[in-house]
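In: sequence and predicted structure, then a few things I'm wondering about:
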Amino acid sequence: MRRVSAVLCTLLAALVGPATAQTTNAAPSADWRQRGVCYEVFVRSFFDSDGDGVGDLGGLIQKLDYINDGDPASQRDLGASCIWLMPIMQSPSYHGYDVSNYYQVDREYGTNADFRRLVAEAHRRGIRILVDLVLNHSSSEHPYFKAALLDAASPFRDWYVWAPQAGPQGSWSVPIWHRVPGRDEFYFGLFWSGMPDLNLANPAVRAEAEEIARFWLTEMGADGFRFDAVMHFFEEGEHHRHGAQTHPWLRDYQAALRRIEPDVYTVGEVWDSIGAIRAYYPDQLDSYFIFEVADGILDAARSGTKQRFLAAVERAQREFPRGRWSPFLRNHDQTRTLTELQGDVARNRLAATLLLTLPGLPFVYYGEEIGMTGAKPDPRLRTPMHWARAPHAGFTRALPWEPLQPDSFTANVQVQDADPASLLNLHRRLIHLRAAHPALGASADFVPLATADDAALAYLRRSPEQTVLVLANLGTRRLPAPQLSAGGSVLPAGRYTARTLLGREARGTLRVGADGRAAGWSPVPALEPLETVILELARTG
């Protein structure tokens with residue numbers, strides 16, 4: 001492979017990525033990763049500030065107080081401590097996962113200056129900003145790919161993958177090799193012809209990836225990155241997942257990011273099992289989304305049984321470094337939670353409570369907190385946010401870029417803000433509880449407790465400072481006085497009383513023997529169908 005000269009790279013980077021004034025990151029809070037929750041935002045669908053039907057950075061700035069107003073005592077905000085922005089870099093598509101300029105905010109969303117203003121306003125409220133960084137592929141409209149396509153002698157030729165004939169398809173369901181018009185030549189694009197894969201094995205591409213990160217961290221002020229399609233970074237023959245080169249590449253890249261910004265936070269998408277994700281630890285990215293846990297939460301809410309949920313969470317706790325994994329329910333590629341649960345808001349409430357009482361750093365997809373619905377195709381998973389009982393749900397003054405969901409007049413912020421029992425206000429309480437209680441934090445222990453009924457789910461969250469009990473009825477029948485038992489070394493010996501953090505009042509005293517065991521405690525007189533209770537346990541003797 002040929003390596004592009006440093007001079008040429010510098011010149012081209014200057015053309016594609018104009019220099020801007022440096023932005024200084026705010027001093028990070030020591031525990032934001034421990035007690036925080038991240039909020040995934042599709043800027044196009046969040047809020048339109050200029051009346052063109054498309055959400056923009058100005059609109060997101062206007063709505064920051066909804067996400068976090070910077071006042072922990074108010075609890076009128078969602079309370080999220082970081083925002084993951086789906087792609088905001090220049091792109092020819094609506095979704096942005098085919099980047100044509102890595103150094104420029106998409107013109108529909110605003111300018112680089114608007115992004116720096118967003119960072120400043122977010123930091124003022126204690127919010128970190130994570131940028132979606134797509135390195136597996138670029139857009140076919142990127143100048144580098146256009147140059148490589150037009151000239152076989154282009155210095156960018158080896159930035160992509162070419163072959164005189166189509167390579168193996170393997171098990172992939174869509175074409176992955178794409179013929180160059182008018183030539184007996186093909187290029188590799190795993191997802192689509194408009195997304196040619198970058199050759200990450202090329203040192204010049206790796207150097208450019210570092211430069212892109214440097215730009216967003218030091219000049220734009222971002223706090224970290226979400227990395228798309230990590231398991232597809234390297235292919236080996238017919239195998240398009242988890243190439244062996246992926247791990248040393250990520251390890252070196254993370255080290256480079258740490259040199260640029262020691263407090264950078266990174267989270268990766270590896271859409272696979274816990275066993276497959278284990279290979280991406282301990283010294284690659286900070287965290288990864290755990291799809292198996294998401295499936296376990298939804299299974300518990302849907303089926304009324306706890307086994308799959310507990311198995312997934314316990315395995316994640318066992319396999320991954322403490323606190324360094326990210327539970328979630330749904331993201332921009334998946335059917336929304338309330339649609340998955342067939343419109344059952346009570347089951348949605350249960351799923352949200354389980355998510356937000358788990359270890360790790362949880363992520364919440366925008367609109368999930370108000371029960372927005374949506375199923376494939378992809379644009380219907382990413383519809384405009386419902387803000388109010390108003391034309392276009394208060395999202396825009398114009399025609400929205402994508403039609404709203406039909407329930408926008410009932411599932412919206414304005415309606416749910418006024419209802420203390422709403423899904424929105426449940427999310428607010430849970431996220432603020434998490435921020436206030438160390439036992440609900442990312443690194444605190446997760447300890448299942450035994451119950452006689454399969455529908456009764458109970459687990460402790462333990463930190464050195466505190467113990468919290470989460471108790472849920474996953475089923476549709478009332479559970480009178482559910483009894484809890486625990487094996488050895490669950491808690492120090494003594495008597496414990498419970499204080500309610502969420503839900504009905506507790507009763508009785510938990511007695512833990514000298515062997516650390518406990519049995520036969522009924523902390524509440526009953527659990528109604530799909531009811532959850534969160535209790536703080538205090539040792540009193």
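Out: On my side now, so go ahead.
In: tell me the centre residue of the chain?
Out: residue 363 (4.1 Å; C-alpha atoms, centre = their mean).
In: could I get the phi/psi values of it?
Out: Here is the backbone geometry of residue 363 (degrees, to the nearest 10): phi -120, psi 140.
In: quick one, what contacts it?
Out: 37-40, 84, 267, 289, 326-328, 331 (C-beta atoms under 8 Å, 6 or more residues apart in numbering). Using the backbone N, CA and C atoms, a C-beta is placed for each residue, glycine as well.
In: which of those fall in helices?
Out: Among these, DSSP state H puts none in helices.
In: is it true that residue 386 touches residue 396?
Out: No - Residue 386 is not in contact with residue 396 according to C-beta atoms under 8 Å; the separation is 11.9 Å.
In: which one's more surrounded, these two?
Out: residue 386 (27 against 23; other C-beta atoms under 10 Å).
In: mind listing the helices for the stretch 151-300 of the chain?
Out: 203-214, 246-260, 274-277, 291-303 (DSSP state H, counting those that start in this stretch).
In: ok, and which of these has the densest surroundings?
Out: Compared across the helices of the stretch 151-300 of the chain, helix 291-303 shows the largest average neighbour count, a mean of 21 (mean count of other C-beta atoms under 10 Å).
In: quick revisit: output the helices of the stretch 151-300 of the chain in TSV; the columns should cover mean pLDDT and distance to residue 181.
Out: Below are the helices of the stretch 151-300 of the chain laid out as TSV (pLDDT from 0 to 100; distance: least, C-beta to C-beta, whole Å):
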stretch	mean pLDDT	distance to residue 181
helix 203-214	98	24
helix 246-260	98	32
helix 274-277	98	37
helix 291-303	98	38
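In: could those helices go into CSV alongside distance to residue 516?
Out: Formatted as CSV, the helices of the stretch 151-300 of the chain follow (distance: least, C-beta to C-beta, whole Å):
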stretch, distance to residue 516
helix 203-214, 47
helix 246-260, 39
helix 274-277, 28
helix 291-303, 27
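In: in this structure residue 453 contacts residue 479, no?
Out: Yes - between residue 453 and residue 479 there is a contact under C-beta under 8 Å: 6.0 Å.
In: which of those two has more neighbours?
Out: residue 479 (23 against 15).
In: specify the beta-bridge partners of the more buried one.
Out: Counting by DSSP bridges, residue 479 is bridged to residue 527.
In: for it, give me its contacts.
Out: So residue 479 contacts 453, 455-456, 473, 526-527 (C-beta under 8 Å, 6+ apart).
In: most surrounded residue in those?
Out: Neighbour counts for the contacts of residue 479, by other C-beta under 10 Å, peak at residue 527, which reaches 27 neighbours.
In: ok, now how distant is that residue from residue 479?
Out: From residue 527 across to residue 479, the span is 4 Å (C-beta to C-beta, to the nearest Å).
In: name the residues contacting each of the two.
Out: Residues touching both residue 527 and residue 479 (C-beta under 8 Å, 6+ apart) are 456, 473.
In: can you give me the strands for the stretch 151-300 of the chain?
Out: Assigned by DSSP state E, counting those that start in this stretch, the stretch 151-300 of the chain shows strands spanning 162-163, 177-179, 186-188, 224-227, 265-268, 287-288.
In: which non-adjacent residue is nearest residue 528?
Out: residue 478 (5.7 Å; C-beta to C-beta, 6 or more residues apart in numbering).
In: isn't the one you found up against residue 526?
Out: Yes - using C-beta under 8 Å, residue 478 is in contact with residue 526, at 6.0 Å.
In: so which residues of the stretch 1-150 of the chain form helices?
Out: 6-16, 32-35, 57-62, 64-67, 112-124, 143-150.
In: out of those helices, which is closest to residue 493?
Out: helix 32-35 (28.1 Å; C-beta to C-beta).
In: closest to residue 168 out of the helices of the stretch 151-300 of the chain?
Out: helix 246-260 (18.6 Å).
In: so which elements touch the closest one?
Out: helix 203-214, strand 265-268 (3 or more C-beta pairs under 8 Å, 6 or more residues apart in numbering; DSSP states H and E).
In: need those in JSON lines (columns: distance to residue 513).
Out: Listed next are the helices and strands packed on helix 246-260 as JSON lines, based on distance: least, C-beta to C-beta, whole Å:
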{"stretch": "helix 203-214", "distance to residue 513": "54"}
{"stretch": "strand 265-268", "distance to residue 513": "42"}
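In: looking at these, which is closest to residue 55?
Out: strand 265-268 (22.6 Å).
In: direction included, what does that closest one pair against?
Out: Strand 265-268 is paired, per DSSP bridges, with strand 224-227 (parallel), strand 287-288 (parallel).
In: other residues contacting it?
Out: 33, 82, 84, 128, 130, 223-227, 230, 250, 254, 257, 280, 284-289, 326, 361, 363.
In: centre of the chain to that strand, how far?
Out: 9 Å (C-alpha atoms, centre = their mean, to the nearest Å).
In: average pLDDT for it, rounded please.
Out: On average, the pLDDT along strand 265-268 is 98.
In: could you export it as CSV, CA atoms only?
Out: Taking C-alpha atoms only, strand 265-268 is exported to CSV below (Å, rounded to 0.1, in the frame of the first residue of the first chain):
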residue,chain,number,x,y,z
TYR,A,265,-15.2,9.2,26.7
THR,A,266,-15.7,6.5,24.0
VAL,A,267,-18.6,4.1,23.5
GLY,A,268,-18.9,1.6,20.6
